[in-house]
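>>> quick one: sequence and predicted model below, then my questions.
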Amino acid sequence: MQIRLSDHFTYKRLLRFTLPSVVTMIIASVYSVVDGLFVSNLVGAMALSAINIAFPVAMIIGSVGFMLGTGGSALVAKTLGEGKKELANQYFSMLIYSMLIIGGILTALSLIFVRPIMQFAGASALLMEDCVIYGAILLAGSVPFMLQVSFQNFFVVNEKPILGLVLSIASGVTNMALDYVFIAVLKMGVAGAALATVMGYVVGGGIPLIYFAKKRDHGLQLVKTKFYGKQLLQAASNGSSELMSNISASLISILYNIQLMEVIGENGVAAYSVMMYVDFAFLAAFLGFSSGSAPVVSYQYGAGNYAELKSVFRKSVTIIGFVSIAMVTVSEIVSHPLSSVFVGYDKELLDMTVHGFRIFSVGYLFSGINIYASSFFTALCNGPLSAFLSFTRTLLFRGGMVILLPMLLGLDGIWGAIIVAEVLGLTGSVSCLVKNKKKYHYY
């Protein structure tokens, strides 16, 4: 039985509705994980370090897709909740067309300056050529990536999360299969890894574009529209937290790489790469749940159904609390076997990775509610507050700790920076949730 945004959500129904988004986000994280797995074992640790330096740069450009997808889906869901279906389709179409134009411009500019960008990102002379090759190919695929991440949000608004999941699986399988062909069979190295990733983006972004372009009697579809400047700015404002979060996360990754190169060298970047691959998959669960439940929040808020809004909020916080505890427990248990899959061929690098990951993973205890709080305010169309939470948690707190703690604790300070940053972020998240509960009637 299809679940609709207007339904009453029990725990079971909320989990069923958000599960496709959770799985979709986890599968999306497979892109970089599979690249890293093949590159580390078949090319080497230095190549692994190179893709970890280049990948955050490409994500900065692609973050426009997260911004317009998340912010735009909140706007479209709210408009649907108000009973304005035709206007919702026009907003949806305008957002997708705008994304194509913006993405094309950003892609061209980034490709022109790819080498100095990689130098800024911390690439040493030893890693530069691999960084440029991997980064240029990934940047060339920015538009399909933007489409993929934005359409996943709109599939949920369209009450078709399972279709989004199927397409995510298809793009993930494409990436994995081509990774094997390009890296293991054709020996294309980092270029093969990047090309396989972009082909996955094309599947995940191109097929939904065709799907939404087809005419149908119900649901979202791409239609002839006009430029709604105010609504585009509103969507950008609503999604500014996701933009800020993704840009900040990429900048923090760059800062980590720079600090690790300074403290311990290329092996430190390789160890951090492994942690980031596991981190992508674990945080994807929080991101998937938050983005999956956001259209429900937007719809109920737009419809003025505050009783259901309160119910969804309380259930969501409870679910995230249990999952956070489970994640830390699992991380401590599997840190060694997971690290062995990537760098088991180098005992010194493996020991460093396991030790660092056991410190790093404690941050999951606090990150879930921080991610949800930011997404929750985006769903309520309060983009500035959501962006403030994302900025302080990621760029301000985490960036500050990555710079400060190594001065006091050395390498362990780099691994532990996330814990202090997430605790500080939790203070801000809880304060904002308490302060705004009467304004939005969610508690």
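That came in fine, so what should we check first?

>>> only C-alpha atoms from now on, for both contacts and neighbour counts.
Fine.

>>> now Y345, what's its secondary structure?
coil (DSSP: H, G, I helix; E, B strand; the rest coil).

>>> confidence score at it?
We have a pLDDT of 78 for Y345.

>>> what is the burial count for it?
When neighbours are defined as other C-alpha atoms under 10 Å, Y345 has 14 of them.

>>> touching, S429 and N370? I think so.
Yes - using C-alpha atoms under 8 Å, S429 makes contact with N370 at a distance of 5.9 Å.

>>> which stretches of the chain have low pLDDT?
1, 31-32, 217 (pLDDT under 70).

>>> residues of the helix or strand that contains L287 that come out buried?
Secondary structure from DSSP states H and E places L287 in helix 266-303. Residues of helix 266-303 classed as buried by neighbour count (16 or more other C-alpha atoms under 10 Å): 266-303.

>>> run the chain-centre distance for it.
On the basis of C-alpha atoms, centre = their mean, to the nearest Å, helix 266-303 sits 5 Å off its chain's mean C-alpha point.

>>> mind giving me the packing neighbours of that helix?
Under the contact criterion of 3 or more C-alpha pairs under 8 Å, 6 or more residues apart in numbering; DSSP states H and E, helix 266-303 touches helix 11-42, helix 45-81, helix 142-157, helix 240-263, helix 306-343, helix 347-360, helix 364-379.

>>> tell me the angle that helix makes with helix 142-157.
Going by axes from the mean of the first three to the mean of the last three C-alpha atoms, to 10 degrees, helix 266-303 is angled at 40 degrees with respect to helix 142-157.

>>> shared neighbours, S429 and N370?
Residues touching both S429 and N370 (C-alpha atoms under 8 Å, 6 or more residues apart in numbering): L389.

>>> tell me who's in contact with N41.
Applying C-alpha under 8 Å, 6+ apart, the residues contacting N41 are F342, V343.

>>> any figure for the gap between it and V341?
Per C-alpha to C-alpha, to the nearest Å, N41 is found 9 Å from V341.

>>> got any residues that touch both of those two?
With C-alpha under 8 Å, 6+ apart, N41 and V341 have no common neighbours.

>>> what angle do the strand or helix carrying S110 and helix 142-157 make?
Using DSSP H and E, S110 sits in helix 85-112. Relative orientation of helix 85-112 versus helix 142-157 (the same axes, to 10 degrees): 160 degrees.

>>> which strands and helices lie in contact with helix 85-112?
Looks like helix 85-112 contacts helix 45-81, helix 128-140, helix 142-157, helix 229-238 (3+ C-alpha pairs under 8 Å, 6+ apart).

>>> grab the nearest non-local neighbour of Q221.
Excluding the flanking residues, the one nearest Q221 by C-alpha to C-alpha, 6 or more residues apart in numbering is F212, at 4.7 Å.

>>> that neighbour reaches L222, doesn't it?
Yes - here F212 reaches L222: they are 5.6 Å apart, a contact under C-alpha under 8 Å.

>>> more neighbours: which of those two?
The residue with more neighbours, out of F212 and L222, is L222; 21 against 18, by other C-alpha under 10 Å.

>>> how about the more buried one, what does it touch?
Counted by C-alpha under 8 Å, 6+ apart, L222 has contacts N89, Q90, F92, S93, F212, A213, K214.

>>> distance of the last one from I207?
In this case it means K214. 11 Å.

>>> looking at these two, which is more packed in?
I207 (15 against 11).

>>> contacting residues around the closest residue to the more buried one other than its chain neighbours?
What sits nearest to I207 in space, not counting adjacent residues and going by C-alpha to C-alpha, 6+ apart, is L167, at 7.8 Å. Shown in contact with L167 (C-alpha under 8 Å, 6+ apart): V203, G204, I207.

>>> again, but for I419
Here I419 is in contact with F360, V362, G363, F366 (C-alpha under 8 Å, 6+ apart).

>>> between those, which sits nearest A235?
F366 (27.8 Å; C-alpha to C-alpha).

>>> nearest spatial neighbour of the closest one, chain-adjacent residues omitted?
E422 (5.7 Å).

>>> by neighbour count, which bits of the host helix or strand of the one you found are buried? Give me those.
Here E422, judged by DSSP H and E, is contained in helix 411-435. The neighbour-count check on helix 411-435 (16+ other C-alpha under 10 Å) flags 411, 413-426, 428-429, 432-433 as buried.

>>> D412 is in contact with V402, correct?
No - applying C-alpha under 8 Å as the test, V402 and D412 come out as separate, 10.3 Å apart.

>>> can you get me a residue count around H218?
8.

>>> sorry, that was for A177
Residues near A177, counting by other C-alpha under 10 Å: 14.

>>> give me the element it is part of.
A177 belongs to helix 161-179, assigned by DSSP H and E.

>>> any buried residues in that helix, and which?
161-162, 164-165, 167-169, 171-176, 178-179.

>>> could you export that helix as CSV, CA atoms only?
Extracted in CSV, the C-alpha atoms of helix 161-179 (Å, rounded to 0.1, in the frame of the first residue of the first chain):
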residue,chain,number,x,y,z
PRO,A,161,10.8,6.8,-3.0
ILE,A,162,11.1,3.2,-4.2
LEU,A,163,11.7,4.4,-7.8
GLY,A,164,14.5,6.6,-6.5
LEU,A,165,16.0,3.7,-4.7
VAL,A,166,15.9,1.5,-7.8
LEU,A,167,17.7,4.1,-9.8
SER,A,168,20.3,4.6,-7.1
ILE,A,169,21.0,0.9,-7.1
ALA,A,170,21.3,0.9,-10.9
SER,A,171,23.8,3.8,-10.8
GLY,A,172,25.7,2.1,-8.0
VAL,A,173,25.9,-1.2,-9.8
THR,A,174,27.1,0.7,-12.9
ASN,A,175,29.8,2.3,-10.9
MET,A,176,31.0,-0.9,-9.4
ALA,A,177,31.0,-2.9,-12.6
LEU,A,178,32.9,-0.2,-14.5
ASP,A,179,35.4,0.2,-11.7
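
>>> after it comes which helix or strand?
Downstream of helix 161-179 (by DSSP H and E), the next one is helix 189-213.

>>> for that next one, enumerate the helices and strands it packs against.
Using 3+ C-alpha pairs under 8 Å, 6+ apart, the elements in contact with helix 189-213 are helix 11-42, helix 128-140, helix 142-157, helix 161-179.

>>> distance from the chain centre to it, please.
Computed by C-alpha atoms, centre = their mean, the separation of helix 189-213 from the middle of its chain amounts to 16 Å.
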